[in-house]
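Engineer: Let me see the structure of the following:
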Amino acid sequence: MSVLLEFAMFPTDKGESISPYVSKIIQLIRESGVTYQLTAMGTIIETETLSEALAIVQQSYDVLEPDCDRVYSSLKFDIRKGKTQCLTQKIKSVEKIIGEVNK
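Structural biologist: Predicted coordinates for the structure are as follows:
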């Protein structure tokens with residue numbers, strides 16, 4: 001199974017520059033070993049189970065909670081049975097179609 005989670009999580013009580021807090025979450029994700037892609041608007045991770053993805057969300061909050069009084073988060077899931085490596089395969093599929101169209 002492939003669980004893709006696109007999420008953003010950050011404090012709302014720390015001013016305009018929140019990259020130090022987001023960096024803590026990215027470090028946690030990197031150390032977890034899951035496949036991820038950082039984007040300007042959030043981070044996409046891929047896990048094998050929903051519980052693994054939700055654990056990353058909980059751990060991300062746990063990293064921010066000691067220093068932050070208010071945390072915002074948004075989450076989107078794509079859960080697909082019988083597939084793996086959807087994070088990279090979806091991109092390759094679209095790029096292949098674009099390449100065929102531009103011939």
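
Engineer: what's near enough to touch residue 23?
Structural biologist: Not one residue lies near residue 23 by Cβ atoms under 8 Å, 6 or more residues apart in numbering. C-beta: built from backbone N, CA, C; applies to glycine.

Engineer: Quick check: it vs residue 39, distance?
Structural biologist: Counting by Cβ to Cβ, to the nearest Å, the gap from residue 23 to residue 39 is 15 Å.

Engineer: And for residue 27?
Structural biologist: Residue 27 sits 17 Å away from residue 39, going by Cβ to Cβ.

Engineer: With residue 77 instead?
Structural biologist: As judged by Cβ to Cβ, residue 77 and residue 39 stand 16 Å apart.

Engineer: Going by how many neighbours each has, rank the two and give me the top one.
Structural biologist: Shown here are residue 77 and residue 39; by other Cβ atoms under 10 Å, residue 77 has more neighbours (13 against 9).

Engineer: so the nearest residue to that one once chain neighbours are set aside is in which element?
Structural biologist: The shortest distance from residue 77 to any non-neighbouring residue, by Cβ to Cβ, 6 or more residues apart in numbering, is to residue 5 (5.5 Å). In this assignment (DSSP states H and E), residue 5 forms part of strand 2-11.

Engineer: Please spell out which residues along that strand are buried.
Structural biologist: By neighbour count with 16 or more other Cβ atoms under 10 Å, strand 2-11 contains the buried residues 2, 3, 4, 5, 6, 7, 9, 10, 11.

Engineer: Just name whatever secondary elements it is in contact with.
Structural biologist: Using 3 or more Cβ pairs under 8 Å, 6 or more residues apart in numbering; DSSP states H and E as the contact test, the elements touching strand 2-11 are helix 19-32, strand 43-47, helix 50-64, strand 71-80, helix 86-101.
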